[in-house]
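Enquirer: All I have is the shape, not the residue letters:
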């Protein structure tokens, strides 16, 4: 599992959580940095005792990013050149390839030529900090072997908050608008953002095109594909049924789906494990999904793409992100409610929350007015990725909503219109920890500036979505984009700027 949903994810990973866990999942524990105070990289005079330290650490950092951005077929030779036999044996080529592909997809090629702006550590353990275009900051932690030349023995990658200065609350709307337009001008963002606190709208705005062929523009009412943000809605639906006495968290799949075709899932996997990604059920991003995606229009159809796959591990023994597990939750919702998943979510979540533009649209619905997702070709042109989507999304993701809809969702949570606070707190209780993040029942949970927040993100080709809600304060940050990874950097900046301006400590 990889990713931070500050953070970076590949399609179907844990949003903000995985980059935070790259440290432990792929390299080991985060090494303590010592000996050298943080200083600008390259600032050590040549010939001084620390100069070789800086040279070796920065050289291995450059080798790391060279490996990340290389084509998969070129990486084995680079792994042999820059990475120790120990880490290659521990993680395996497939595990390292997965991590590098995720980072390459999320960060692009910029880091291949970037120089670190700060460095700390000693000859064996250190951290290099990079500042990217637009202000994103990335920390690369390395542990090197003692041989000459050294090799990378462990590594960790984590996002850092952008450097921002606190503003007076009255200055925030103009600052957000300026940032939004600057990122659009630079080609790094197309979509909509909304920041509100309780009933006060701080800023809502949109830039870019929802349809590049017709020239239709994005607005704050344009529905965007939410990706995995929909998982929160599935969690709400399951909790509604639990509050009504229809199910219990410890129930097995078979209790509610007695004819479920996979016996091990039916008899051993629980609802709790499905909600926490500890079921062992895999995903549906596979050859069967590719072959059938143009006709996938129900939870049952999605189930058929993965139900015969063996479990990835014994239920309850590990955590690995599972889109397939959430599809099974969708089937349980259908079995207990007597309604198909899409109708249940519409009637029990979208309508009572006042989410007027939200829906699981089919990709061929030309009247829906949703934003088309765009990916960049190798030639640098933007390409509509609509044909790459399933005909309709699933309980695991792929529904649509506008930033105003997400504001309405946050208000409905605050006002307990979907669930009483006690049930919401059950969903928001961290069941797993991944570095600075936690994961509850299909909700990411975090704490910053002394304030708790919950939410989720979503991502796939042409889809980038971020949602944060501070339940004890009423603050909501929603960022929806229709180009790859565009929401992440915008959310990181908004998160830092809004907290610095509204939650500044005396």
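Expert: Perfect, thanks for sending it. Owing to the predicted nature of the structure, the values given are computational and were not obtained by experimental measurement. Residues are numbered from 1 along each chain as shown.
Enquirer: where along the stretch 251-400 of the chain do the strands fall?
Expert: Assigned by DSSP state E, counting those that start in this stretch, the stretch 251-400 of the chain shows strands spanning 374-376, 382-384, 400-401.
Enquirer: can you put those in TSV and add mean neighbour count?
Expert: Using the backbone N, CA and C atoms, a C-beta is placed for each residue, glycine as well. What follows is those, written out as TSV (neighbours: other Cβ atoms under 10 Å):
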stretch	mean neighbour count
strand 374-376	19
strand 382-384	16
strand 400-401	26
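Enquirer: In a markdown table, list these along with distance to residue 242 and mean pLDDT.
Expert: Shown next, in a markdown table, are those (distance: least, Cβ to Cβ, whole Å; pLDDT from 0 to 100):
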| stretch | distance to residue 242 | mean pLDDT |
| --- | --- | --- |
| strand 374-376 | 39 | 93 |
| strand 382-384 | 40 | 93 |
| strand 400-401 | 24 | 98 |
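Enquirer: can you list those strands in JSON lines and add distance to residue 313?
Expert: Putting the strands of the stretch 251-400 of the chain into JSON lines (distance: least, Cβ to Cβ, whole Å) gives the following:
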{"stretch": "strand 374-376", "distance to residue 313": "32"}
{"stretch": "strand 382-384", "distance to residue 313": "37"}
{"stretch": "strand 400-401", "distance to residue 313": "33"}
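Enquirer: who wins for proximity to residue 96 among these?
Expert: Closest to residue 96 of the strands of the stretch 251-400 of the chain, according to Cβ to Cβ: strand 374-376, at 24.5 Å.
Enquirer: which other helices and strands contact that closest one?
Expert: Strand 374-376 makes packing contacts with strand 382-384 when contacts are defined by 3 or more Cβ pairs under 8 Å, 6 or more residues apart in numbering; DSSP states H and E.
Enquirer: contacts for the strand it packs on?
Expert: Contacts with strand 382-384, where a contact means Cβ atoms under 8 Å, 6 or more residues apart in numbering, come from 212-213, 372-377, 462, 483.
Enquirer: ok, so of those residues, who is nearest residue 190?
Expert: Looking across those and measuring by Cβ to Cβ, the closest to residue 190 is residue 483, at 5.0 Å.
Enquirer: Would you mind confirming that residue 449 is in contact with residue 503?
Expert: Yes: the pair residue 449 / residue 503 is scored as a contact, 4.1 Å apart, by Cβ atoms under 8 Å.
Enquirer: give the contact list for residue 140.
Expert: Residue 140 touches 61, 64-65, 116, 127-130, 155-157, counting by Cβ under 8 Å, 6+ apart.
Enquirer: Out of those residues, who's the most crowded?
Expert: The residue in those with the most neighbours, by other Cβ atoms under 10 Å, is residue 157 (28 neighbours).
Enquirer: What helix or strand is it located in?
Expert: Residue 157 belongs to strand 152-160 when elements are defined using DSSP states H and E.
Enquirer: Could you give the separation of that strand from the chain centroid?
Expert: 18 Å (Cα atoms, centre = their mean, to the nearest Å).
Enquirer: Stretch 125-139 now?
Expert: Distance, stretch centre to chain centre, for stretch 125-139: 19 Å (Cα atoms, centre = their mean).
Enquirer: Could you tell me which residues within that stretch count as buried?
Expert: 125-131, 134-139 (16 or more other Cβ atoms under 10 Å).
Enquirer: Confirm that residue 499 sits in a helix.
Expert: Yes: secondary structure of residue 499 (DSSP: H, G, I helix; E, B strand; the rest coil): part of a helix.
Enquirer: What are the contacting residues of stretch 494-506?
Expert: Contacts for stretch 494-506 (Cβ under 8 Å, 6+ apart): 6, 161-162, 164-169, 171-172, 175-176, 179, 193, 195, 197, 202, 448-451, 468, 475, 477, 479.
Enquirer: Name the residues of it that come out as buried.
Expert: For stretch 494-506, the neighbour count (16+ other Cβ under 10 Å) marks 494-502 as buried.
Enquirer: that older thread, for residue 337, state which of the buried residues of stretch 125-139 is nearest.
Expert: The shortest approach to residue 337 among the buried residues of stretch 125-139 belongs to residue 136, at 42.4 Å (Cβ to Cβ).
Enquirer: Just the buried residues out of the contacts of strand 382-384, in PyMOL syntax.
Expert: Per 16+ other Cβ under 10 Å, the buried members of the contacts of strand 382-384 correspond to this PyMOL selection:
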select buried, resi 212+372+373+374+375+462+483
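Enquirer: Can I get the contacts of strand 382-384 in CSV including distance to residue 206?
Expert: CSV is the format used below for the contacts of strand 382-384 (distance: Cβ to Cβ, whole Å):
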residue, distance to residue 206
212, 15
213, 18
372, 14
373, 15
374, 15
375, 20
376, 20
377, 25
462, 17
483, 13
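Enquirer: ok, residue 299 - contacts?
Expert: When contacts are counted by Cβ under 8 Å, 6+ apart, residue 299 touches 327, 330-331, 334, 340-341, 394-395.
Enquirer: most surrounded residue in those residues?
Expert: residue 395 (32 neighbours).
Enquirer: Skip the chain neighbours and tell me the closest residue to that residue.
Expert: In space, and not counting its chain neighbours, residue 395 is closest to residue 330: 2.8 Å by Cβ to Cβ, 6 or more residues apart in numbering.
Enquirer: again with residue 87
Expert: Nearest residue to residue 87, sequence neighbours excluded (Cβ to Cβ, 6+ apart): residue 153, at 5.9 Å.
Enquirer: Other residues contacting the helix or strand containing residue 181?
Expert: Residue 181 is located in helix 172-185, with elements delineated by DSSP H and E. Contacting residues not belonging to helix 172-185 are listed as 134, 167, 189-190, 193, 195, 202-203, 205, 207-208, 486, 489-490, 493-494, 497-498, 501-502 [Cβ under 8 Å, 6+ apart].
Enquirer: Give me the next element, helix or strand, following that helix.
Expert: Later in the chain than helix 172-185, the nearest helix or strand by DSSP H and E is strand 191-197.
Enquirer: number of nearby residues for residue 303?
Expert: Neighbours of residue 303 (other Cβ under 10 Å): 21.
Enquirer: Check the one 3 residues further on too.
Expert: Counted by other Cβ under 10 Å, the residues lying close to residue 306 total 22.
Enquirer: In contact with it, which residues?
Expert: By Cβ under 8 Å, 6+ apart, residue 306 lies in contact with 281-284, 286, 288-289, 324, 327.
Enquirer: The same query, at a cut-off of 7 Å, please.
Expert: Applying Cβ atoms under 7 Å, 6 or more residues apart in numbering, we find residue 306 in contact with 282-284, 286, 324.
Enquirer: farthest-separated two in the residues you listed?
Expert: Greatest spacing in the contacts of residue 306, by Cβ to Cβ: 286 and 324 (9.6 Å).
Enquirer: Look at these two and report which has more neighbours.
Expert: Comparing residue 286 with residue 324 by other Cβ under 10 Å, the one with more neighbours is residue 324, at 26 against 13.
Enquirer: I figured the more buried one hits residue 285, correct?
Expert: No: counting by Cβ atoms under 7 Å, residue 324 stays clear of residue 285, with 9.4 Å between them.
Enquirer: Export the contacts of residue 306 to CSV and append columns for distance to residue 254 and pLDDT.
Expert: Formatted as CSV, those follow (distance: Cβ to Cβ, whole Å; pLDDT from 0 to 100):
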residue, distance to residue 254, pLDDT
282, 19, 89
283, 22, 87
284, 21, 87
286, 24, 85
324, 16, 97
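Enquirer: For those, give me JSON lines that also has distance to residue 458.
Expert: Shown next, in JSON lines, are those (distance: Cβ to Cβ, whole Å):
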{"residue": "282", "distance to residue 458": "19"}
{"residue": "283", "distance to residue 458": "14"}
{"residue": "284", "distance to residue 458": "15"}
{"residue": "286", "distance to residue 458": "19"}
{"residue": "324", "distance to residue 458": "17"}
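Enquirer: Return the closest of these with respect to residue 444.
Expert: Closest to residue 444, out of all of the contacts of residue 306 and judged by Cβ to Cβ, is residue 283, at 18.2 Å.
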